[in-house]
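In: Take this sequence and fold it.
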Amino acid sequence: MTLPLVHIYCDGACSPNPGIGGWGSILVSPAHGHARKELSGAEPGTTNNRMELTAALMALRALKSPCQVQLFTDSQYVRNAFQEKWLDKWQRTGWKTAGRQPVQNADLWQALLEQTRVHQVSWNWVRGHSGHVENERADAMAVAARLALAAKLGR
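Out: Numbers count the residues shown, from 1 in each chain. Okay, here's the model as predicted:
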């Protein structure tokens, strides 16, 4: 059975880092006339890496059934953990780094791994702030979510 194809574009933003962060994700379904869904959110007291991971996680969780996903991120951190098999190593070592320190963001990595058991995900890197239309939109959504939370918190 061929799974439906979905393109996901995601980005995170945090300023200062650590500080108030935002994330943005765009889901595009070619099978449904390129229908789009945009998601965003923000958190206080977070990091840019956590927001990058959250953007991917929230987009995958938004899918209603198993899909073939082409996920595009400007985060080498996110892409490389899957492409370079860092996650396999971290799981084997009990979520410890080569220096025997706890892996940062293990909670989000584990949640992303759960989603990769549901969906067939290809992790693609795009250069950030290089004019890629969907990446620029995801970035703008992440920044807007961060700024909205900062304003709400009076910061």
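In: residue ranges with poor pLDDT in this protein?
Out: The chain contains no residues with pLDDT under 70.
In: residue closest to the middle of it?
Out: The residue lying closest to the centre of the chain (CA atoms, centre = their mean) is residue 56, at 2.4 Å.
In: what are the phi and psi values for it?
Out: In this entry, residue 56 is assigned phi and psi values of phi -70, psi -40 (degrees, to the nearest 10).
In: ok, residues contacting the longest helix anywhere in the chain?
Out: Criterion DSSP state H: the longest helix present in the chain is helix 133-153. With CB atoms under 8 Å, 6 or more residues apart in numbering as the contact definition, helix 133-153 has outside contacts at 7, 9-15, 20-26, 28, 38, 40-44, 51, 55, 72, 74, 126, 128-129. For glycine as for every other residue, the C-beta is placed from the backbone atoms N, C-alpha and C.
In: for the residue nearest to the residue nearest to the centre of the chain when sequence neighbours are not counted, helix, strand, or coil?
Out: Distance criterion CB to CB, 6 or more residues apart in numbering; nearest residue to residue 56, sequence neighbours excluded, is residue 10 at 5.1 Å. Assigned with DSSP: H, G, I helix; E, B strand; the rest coil, residue 10 falls in the strand class.
In: Contact partners for residue 10?
Out: 23, 24, 25, 26, 52, 55, 56, 59, 71, 72, 73, 138.
In: what do you get if the cut-off is 6 Å, keeping everything else the same?
Out: When contacts are counted by CB atoms under 6 Å, 6 or more residues apart in numbering, residue 10 touches 25, 55, 56, 59, 73, 138.
In: Kindly report the same for residue 42.
Out: Each residue near residue 42 by CB under 6 Å, 6+ apart is listed here: 22, 145, 146, 149.
In: Tell me what it is bridged to.
Out: Under DSSP bridges, the beta-bridge partners of residue 42 are residue 22.
In: Could you report the distance from it to residue 127?
Out: For residue 42, the distance to residue 127 equals 24 Å [CB to CB, to the nearest Å].
In: What of residue 46?
Out: Distance of residue 46 to residue 127, computed by CB to CB: 24 Å.
In: With neighbour numbers in mind, choose between those two.
Out: Each of residue 46 and residue 127 has its neighbours counted (other CB atoms under 10 Å); residue 46 has more, 21 against 9.
In: With that, I have no additional questions.
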